[in-house]
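A.B. asks: Sequence isn't available, so here's the structure alone:
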């Protein structure tokens, strides 16, 4: 298996796990802010138990630490708006809006990751838009605010994934995950007092203990659907562009909606237009690898060693 093929397998496994996040977000009764804050805090506490993470932090320069911390704030805001969209609409709509990140990434990544602009990537990104429109079509009026918040969440995905691509080779994946989510947790802690004024629908007490059911679901969301895929996606990004990864992530709405049908009974909101939209999204996902040339990886021995160490440890 070539490094590129392995990265594709890794990112698709991540997407499968991410498909459960919308379902868990709907099942957990907490508002968006305490849900995201608890999710990030659990992951940070788990990573803080690993000596490797502390060694990685000590090895980083101050400039790199602040750069990853800034990306972590974007990650926190993305999750806040994503779960806010779930609360304002439903799991299917929120997950599908993330496919808009393809267009945003095609425009943003060349600038942030310092690579040439690709008209083919933009064309594929634009081709996804009718699919998103068809999947989300027929949404009731009261859910439209959720669509707007979901689109903002997609823009934040494009920003932090492109920035991570630019810096991915400068830090161990688990260390980067701990640093970014730690910074995100602090940002949400600072944001909590003003959240009732800015976005009352997202606000909630951070230090209120959840019930047993919510606590169990939070642990699953944090460790299985956050820590594992977040770190593994950083490993995969060493051998693929953020755009290629984002096209694969377009499958997340498919997984999420199928799971919503099975677990939440959201099939009542789906029509024939949904299946047409899914077909368009899948076409873009599978066409991209066929028209893209493999890109050379610099310092393959170094990247291969770093990847093997992060997986084995």
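C.D. replies: Sure thing, it's come through. The structure displayed is predicted, hence computed values, not measured ones.

A.B. asks: Packing partners of the longest helix seen in the chain?
C.D. replies: For the chain, the helix with the greatest residue count under DSSP state H is helix 62-88. Judged by 3 or more CB pairs under 8 Å, 6 or more residues apart in numbering; DSSP states H and E, helix 62-88 is in contact with helix 3-27, helix 32-48, helix 91-97, helix 144-167, helix 173-191. Any C-beta I mention is one placed from the backbone N, CA and C, and that applies to glycine too.

A.B. asks: Out of those helices, which gets nearest to residue 197?
C.D. replies: Closest to residue 197 of the helices and strands packed on helix 62-88 is helix 173-191 (CB to CB; 10.7 Å).

A.B. asks: who's in contact with the next helix or strand after the closest one?
C.D. replies: Scanning forward in sequence from helix 173-191 by DSSP states H and E, the next helix or strand is helix 195-198. Residues outside helix 195-198 that contact it (CB atoms under 8 Å, 6 or more residues apart in numbering): 33, 191, 202-203.

A.B. asks: and of these, the nearest to residue 151?
C.D. replies: Nearest to residue 151 among these: residue 202, at 15.9 Å, using CB to CB.

A.B. asks: which SS class is that closest one?
C.D. replies: The three-state assignment at residue 202 reads coil, by DSSP: H, G, I helix; E, B strand; the rest coil.

A.B. asks: residues near it, how many?
C.D. replies: 22 (other CB atoms under 10 Å).

A.B. asks: got the contact list for the closest residue to it other than its chain neighbours?
C.D. replies: Counting by CB to CB, 6 or more residues apart in numbering, residue 32 is the residue found nearest to residue 202 once chain neighbours are left out, at 4.1 Å. Contacts for residue 32 (CB under 8 Å, 6+ apart) come out as 80, 83-84, 86-87, 201-202, 204.

A.B. asks: Can you list the buried residues in the longest helix of the chain?
C.D. replies: Judged by neighbour count using 16 or more other CB atoms under 10 Å, the buried positions of helix 62-88 are 67-69, 71-88.

A.B. asks: Tell me how many other residues crowd residue 210.
C.D. replies: Neighbours around residue 210, by other CB under 10 Å: 16.

A.B. asks: Against residue 66, how distant is it?
C.D. replies: Going from residue 210 to residue 66 by CB to CB, to the nearest Å gives 32 Å.

A.B. asks: And residue 79, by the same measure?
C.D. replies: Residue 79 is 21 Å from residue 66, by CB to CB.

A.B. asks: Any stretches of the protein with poor pLDDT?
C.D. replies: Within the chain, the segments meeting pLDDT under 70 span 113, 138, 168, 242, 246, 250, 267-270, 285-286, 288-313.

A.B. asks: Could you find the residue nearest the spatial middle of it?
C.D. replies: Among the residues of the chain, the one closest to the centroid is residue 157, at 6.2 Å (CA atoms, centre = their mean).

A.B. asks: what's near enough to touch it?
C.D. replies: Residue 157 neighbours (CB under 8 Å, 6+ apart): 78, 98, 101, 104-105, 246, 249.

A.B. asks: just to revisit the earlier point, of the contacts of helix 195-198, closest to residue 146?
C.D. replies: Using CB to CB, the contacts of helix 195-198 come closest to residue 146 at residue 202, 11.8 Å.

A.B. asks: Now do the buried residues in stretch 91-109.
C.D. replies: Buried, per 16+ other CB under 10 Å, within stretch 91-109: 91-106, 108-109.

A.B. asks: Many thanks, we can stop here.
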